[in-house]
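1. compute the structure for the input listed below.
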Amino acid sequence: MASNYRERLLAILVWVILWQIAALTLGHGGLFLATPLQTFGALARLLPTPEFWQRIGFSALRIVAGFLLAVLGGLVLGAAGSRWHAVRVFVDPIMQLIRAMPVASFVILALLWVRGDNLSVVVSFTHVLPVVYAGVLAGIADTDPQLLEMARVYRLSWTARLRYIWLPGIFPSFCESCIAAMGMCWKSGVSAEVIGLPDHSGGDALYRAKITLSTPDVFAWTLVIVVLSALLSAIAARGLRAAKMRLCGEVRL
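-> Numbers count the residues shown, from 1 in each chain. You can find the predicted model right below:
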């Protein structure tokens with residue numbers, strides 16, 4: 001385990017050095033590619049300011065809200081689509097359409113229907129929903145039919161079937177889809193903010209840094225968004241696995 005961390009840190013260090021070399025090669029004082037020192041310097045200036053944390057809170061609350069709504073919707077639609085073929089036939093074209101539609105196109109359409117402040121909620125929700133929906137369908141399809149037959153023979157209660165058969169069967173695929181969806185959620189949510197420009201959002205700050213040619217600030221905000229996405233994905237993974245152990249017992253993923 002320790003060796004893996006050392007290898008990862010070494011790899012990151014090598015990439016930072018390459019980043020520094022590339023920035024110095026391009027020159028122009030970091031106008032086109034900010035150096036690591038310029039980026040971390042900009043981040044150090046941003047961190048102590050109340051506006052920075054206000055923007056982080058604004059974006060995080062709305063993006064996480066869209067994620068949670070999509071998880072709930074994906075569970076309901078996935079279960080319904082697995083149970084009733086007509087529901088799946090009806091829902092599948094919409095899921096395929098959302099998957100294929102570029103984020104920018106959807107954001108422009110969504111701006112016709114919702115205020116800019118709520119845009120990231122809607123965009124995050126719609127781009128996470130198909131991923132969770134597909135994960136639930138796959139998990140239900142992978143559930144062992146012999147266990148289900150045994151449950152019918154022994155007339156297990158609905159709650160017992162849910163806890164000991166359905167949840168262990170669904171959860172691995174559902175968990176992985178949620179973890180993957182969290183990263184997509186941040187990408188689509190911040191992209192929506194960059195286009196919709198809601199006040200006090202991280203996407204708005206990123207856009208303002210771009211139009212003022214504050215390249216270190218662009219890199220600093222990008223770094224913050226990447227770190228938040230990775231951090232919340234890790235928290236989601238830990239929480240989902242903890243919930244699984246609590247609900248399903250000692251069944252390994």
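2. what about the stretch 101-250 of the chain, any weak spots by pLDDT?
-> Applying pLDDT under 70 to the stretch 101-250 of the chain flags residues 144, 148-149, 151, 154, 156, 158, 160-164, 166, 244-250.
3. show me where this protein has its strands.
-> Counting by DSSP state E, the chain has no strands at all.
4. centre-most residue in it?
-> Nearest to the mean C-alpha position of the chain, by C-alpha atoms, centre = their mean, lies Met182 at 1.7 Å.
5. list the contacts of that residue.
-> For Met182, the contacting residues are Phe67, Val128, Ser229, Leu232, Ser233, Ala236, by C-beta atoms under 8 Å, 6 or more residues apart in numbering. To be clear about C-beta, it is placed using only N, CA and C from the backbone, and glycine gets the same treatment.
6. any idea how far Ala100 is from it?
-> In this view, Met182 and Ala100 are 21 Å apart by C-beta to C-beta, to the nearest Å.
7. same check on Ile225?
-> Distance from Ile225 to Ala100, by C-beta to C-beta: 25 Å.
8. quick one: which of those two has more around it?
-> Ile225 (20 against 9; other C-beta atoms under 10 Å).
9. could you dump stretch 217-224 to CSV, C-alpha only?
-> Provided in CSV are the C-alpha atoms of stretch 217-224 (Å, rounded to 0.1, in the frame of the first residue of the first chain):
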residue,chain,number,x,y,z
ASP,A,217,-6.8,31.9,-11.8
VAL,A,218,-8.2,29.7,-14.6
PHE,A,219,-5.8,27.0,-13.7
ALA,A,220,-6.5,27.5,-9.9
TRP,A,221,-10.3,27.2,-10.3
THR,A,222,-9.9,24.2,-12.6
LEU,A,223,-7.7,22.5,-10.0
VAL,A,224,-10.3,23.3,-7.3
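10. the nearest residue to Val64 once chain neighbours are set aside: neighbouring residues, count only.
-> In space, and not counting its chain neighbours, Val64 is closest to Leu232: 7.1 Å by C-beta to C-beta, 6 or more residues apart in numbering. Counted with other C-beta under 10 Å, residues neighbouring Leu232 total 18.
11. list the contacts of Leu232.
-> Taking C-beta under 8 Å, 6+ apart as the test, what Leu232 contacts is Ala60, Val64, Met182, Trp186.
12. which one of the contacts of Met182 is nearest to Leu75?
-> Nearest to Leu75, judged by C-beta to C-beta, of these is Val128 at 11.9 Å.
13. distance of the closest one relative to Gly189?
-> According to C-beta to C-beta, Val128 and Gly189 sit 9 Å apart.
14. ok, those two, which is more surrounded?
-> The residue with more neighbours, out of Val128 and Gly189, is Gly189; 33 against 30, by other C-beta under 10 Å.
15. check contacts around that one.
-> Contact analysis of Gly189 by C-beta under 8 Å, 6+ apart lists Ser59, Arg62, Ile63, Gly66, Ser120, Val123, Ser124, Gly203.
16. now rank those residues by neighbours and give me the top one.
-> Counting by other C-beta under 10 Å, Ser120 has the largest number of neighbours within the contacts of Gly189, with 33 neighbours.
17. what about the contacts of Leu232, which are in helices?
-> Ala60, Val64, Met182, Trp186 (DSSP state H).
18. count of neighbours near the nearest residue to Val132 once chain neighbours are set aside?
-> Once flanking residues are discounted, Val132 sits nearest to Gly74: 2.8 Å by C-beta to C-beta, 6+ apart. Applying other C-beta under 10 Å, we find 26 other residues in the vicinity of Gly74.
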